[in-house]
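Enquirer: The sequence isn't on hand, but the structure is:
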C-alpha cells in the first residue's frame with residue numbers, strides 16, 4: 001500500500017501544478033507559442049560593438065530604428081516604408097549614415113518632406129518583414145513600400161501552412177521547428193512551455209558564451225561525425241573565436257561551415273534539401289505583403305541587396321577553409337537567386353532593382369571599400385553608394401513614387417531595372 005501512496009504523492013503534484021499553471025496563464029491570455037517579433041523592443045538604446053565597428057543603436061516607441069514621429073501624417077509629407085534585415089536596419093553604421101537616412105536627405109526639399117521609415121530588423125527574414133509591415137508599418141500610413149531582400153532570406157524563411165500565411169492575424173503565434181518531445185510537452189501545456197522557454201532564453205543571454213561547446217552539442221544532435229567536428233575546431237581562426245566568445249563577432253559565421261556547409265548553395269543556387277518548400281513559403285509571404293498593399297493602393301518596389309559573395313570572389317576565404325561551399329562564379333555573373341527574384345517581380349508587375357551588377361561593375365579595390373571584410377555588412381561608403389543607386393532607380397520609376405523629379409537618362413545606364421505596369425504599382 002505504501003508504494004502506491006508514495007507514487008500518488010509524487011504523481012499528483014507533477015500533474016496538478018502544470019495543469020493549474022496552464023489554467024492561470026490561459027486566464028491571463030498568455031500566448032501559446034513564443035511570438036516572432038514584429039519589431040525591436042520599444043525605446044531601446046544600446047551600443048553595438050563588433051571587432052570591425054562600434055555605433056549607437058536606438059529605437060522609437062514603435063520598436064524600429066527611426067526617429068520618433070507622429071503616426072498621423074502631415075499633408076506635405078510622403079512616407080516610404082522599407083522592410084528588410086540588418087542591411088536595411090544599418091548594422092555597422094550610425095543611423096544618419098544608413099542608406100535610408102541618406103535617401104531622406106536626397107529626396108526632401110523645402111516644399112516637401114520625404115521620410116524613408118527604417119523597418120529593417122537584424123537577424124530576421126521575410127515572415128518578420130511581413131509582421132512588421134502588418135502590425136507596425138501600416139500604422140505610419142506609407143505612400144510606398146520597398147521590400148528589400150537579401151541573399152540569406154531563403155534560409156531565414158519558416159515553412160508553414162499556406163492557410164496561416166494567408167491570415168496575417170495568425171502570424172504572431174508562428175514558431176519554428178522543435179524536438180518531438182518538446183512538441184508533446186508544448187501540446188499538453190502550451191502556455192507554461194512558452195513561459196519557461198522565454199525565461200530560459202532570457203537567462204541564457206547573461207551567461208558566458210562558449211562557441212565550441214555550443215557548436216559541438218548542436219553538431220552531435222545533428223549526427224555530424226566527431227572527425228568532422230575535430231577538423232572544424234582545429235581550423236577555427238583564434239582571433240575570430242575569441243571575438244565570438246566575447247560576443248563581438250557573429251558566431252553563426254563560424255558555425256555555419258560545420259552545421260550547414262551547403263547554406264550558400266541553397267540560398268544562391270536554390271539547390272538542396274528543403275529549398276523548394278522554403279522558396280514557395282518565401283514567395284507566399286512576400287505575396288501577402290504585395291496583396292495587402294494592393295488592397296490599400298500602396299505602390300510596391302522590390303530591391304535585392306547582395307552579400308559580398310555576389311561581387312567579391314575572394315570574400316570569406318576562412319569560411320572555405322572551414323568547409324563552407326562557396327563558388328567564385330557567384331561574384332562574376334547573375335546567379336540563380338537573382339534571376340528567379342527578377343522573374344517573380346515581373347510576374348507580380350513590380351519594379352525590381354538588383355544591386356549586385358552595380359557592385360560587380362566597380363574595380364575590385366573599390367568594391368572592398370564598401371563592406372566590412374569579415375562581417376560583410378556595408379560601411380558608410382557602402383551605404384552612400386547604395387543610396388545613390390536607389391535614388392536614381394526611384395526617380396526613374398514614376399509608378400513607385402509619383403512625386404519624384406524627372407529622371408536623368410545618363411544616370412540610369414548602370415541600373416538593372418524592371419519597369420512594368422500592373423499589380424502593386
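Expert: Yep, it's here. Just so you know, these numbers come straight off a predicted model, no measurement behind them. Residues are numbered from 1 along each chain as shown.

Enquirer: so residue 223, which of the three states?
Expert: Per DSSP: H, G, I helix; E, B strand; the rest coil, the secondary structure class of residue 223 is coil.

Enquirer: State the number of residues packed around it.
Expert: The local packing of residue 223 (other Cβ atoms under 10 Å) involves 6 other residues. No exception for glycine: its C-beta is placed from N, CA and C like everyone else's.

Enquirer: mind checking how far it is from residue 92?
Expert: 36 Å (Cβ to Cβ, to the nearest Å).

Enquirer: Check residue 268 too.
Expert: Residue 268 is 22 Å from residue 92, by Cβ to Cβ.

Enquirer: cool, residue 269 as well?
Expert: According to Cβ to Cβ, residue 269 stands 27 Å off from residue 92.

Enquirer: what's the answer for residue 73, then?
Expert: Shown here: residue 73 relative to residue 92, a distance of 30 Å by Cβ to Cβ.

Enquirer: neighbour count winner among the two?
Expert: Each of residue 73 and residue 92 has its neighbours counted (other Cβ under 10 Å); residue 92 has more, 25 against 16.

Enquirer: what sits against that one?
Expert: 50, 52-53, 55, 372, 375, 377-379 (Cβ atoms under 8 Å, 6 or more residues apart in numbering).

Enquirer: and with 7 Å instead?
Expert: 53, 372, 375, 377-379 (Cβ atoms under 7 Å, 6 or more residues apart in numbering).

Enquirer: Then residue 108?
Expert: Residue 108 neighbours (Cβ under 7 Å, 6+ apart): residue 114.

Enquirer: again, only this time at 10 Å
Expert: Residues near residue 108 by Cβ atoms under 10 Å, 6 or more residues apart in numbering: 77-78, 114-116.

Enquirer: looking at it, residue 22 is touching residue 196, isn't it?
Expert: No - when contacts are counted by Cβ atoms under 10 Å, residue 22 is not listed as touching residue 196 (11.6 Å).

Enquirer: For residue 100, which three-state class applies?
Expert: Per three-state DSSP, the secondary structure class of residue 100 is helix.

Enquirer: neighbours around it, how many?
Expert: Burial of residue 100 is recorded as 27 neighbouring residues (other Cβ under 10 Å).

Enquirer: measure residue 331 to residue 226 for me?
Expert: Applying Cβ to Cβ, the value for residue 331 to residue 226 is 34 Å.

Enquirer: got it, and residue 358?
Expert: 45 Å.

Enquirer: Which residue of those two possesses the greater neighbour count?
Expert: The neighbour comparison of residue 358 against residue 226 (other Cβ under 10 Å) goes to residue 358, with 20 against 10.

Enquirer: Now the residue nearest to the more buried one when sequence neighbours are not counted: phi and psi?
Expert: Distance criterion Cβ to Cβ, 6 or more residues apart in numbering; nearest residue to residue 358, sequence neighbours excluded, is residue 389 at 5.3 Å. The phi and psi values for residue 389, taken as degrees, to the nearest 10, are phi -70, psi -40.
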